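[1] return atomic coordinates for the entry below.
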Amino acid sequence: MLGSPRYPEFVERCIAQNHAKISFKLPADLSYLDGHFPEFPILPGVVQLHWAVELAQEIFGINSLVSHGSQIKFSNVITSSEVIYELNLVYNSDKNMCSYRYKSQEKVYSSGNIHYSSPLKTGDK
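    Residues are numbered from 1 along each chain as shown. Here you go, the predicted model:
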């Protein structure tokens, strides 16, 4: 749907030096839910990964390209219900890696590691 939101409704952000906890709800008209199982809309796994990458780069100031992911698991589906979800990010600059986990009070939905290439230098593309 054109004009539909592409990001969740952020409820709270708690950010420490290398850890972030982001609480959010999914708006019923989230564009990524449109057409993804009309009778039972779910948040696609690729969107979960995309949000984790974008938020990690923004929060931790990561200036590197993603090289690969590891230990990526999708355990349960994220729906458009009124549940408040939580995204936990932990950045390890020594390993150039960020671990992520989507969860609620009841269960874990997905988790994995995002690995980054060497930091970009000015003028690199």
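[2] now the element after whichever strand or helix holds Val53, going C-ward?
    Using DSSP states H and E, Val53 falls within helix 45-60. Following helix 45-60 in sequence order, the next helix or strand is strand 66-74 (DSSP H and E).
[3] quick one: strands adjacent to that next one?
    Strand pairing for strand 66-74, using DSSP bridges, gives strand 108-116 (antiparallel).
[4] and the contacts of the partner strand?
    45, 48-49, 52-53, 56, 62, 64-78, 85, 95-103 (Cβ atoms under 8 Å, 6 or more residues apart in numbering). Bear in mind the C-beta positions are built from the backbone N, C-alpha and C, glycine included.
[5] recalculate using a threshold of 7 Å.
    For strand 108-116, contacts defined as Cβ atoms under 7 Å, 6 or more residues apart in numbering pick out 45, 48, 52-53, 56, 62, 64-76, 78, 96-103.
[6] filter those residues down to the buried ones, ChimeraX style.
    Here is the ChimeraX selection string for the buried members of the contacts of strand 108-116, based on 16 or more other Cβ atoms under 10 Å:
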select :45,48,52,53,56,62,72,74,78,96,97,98,99,100,101,102,103
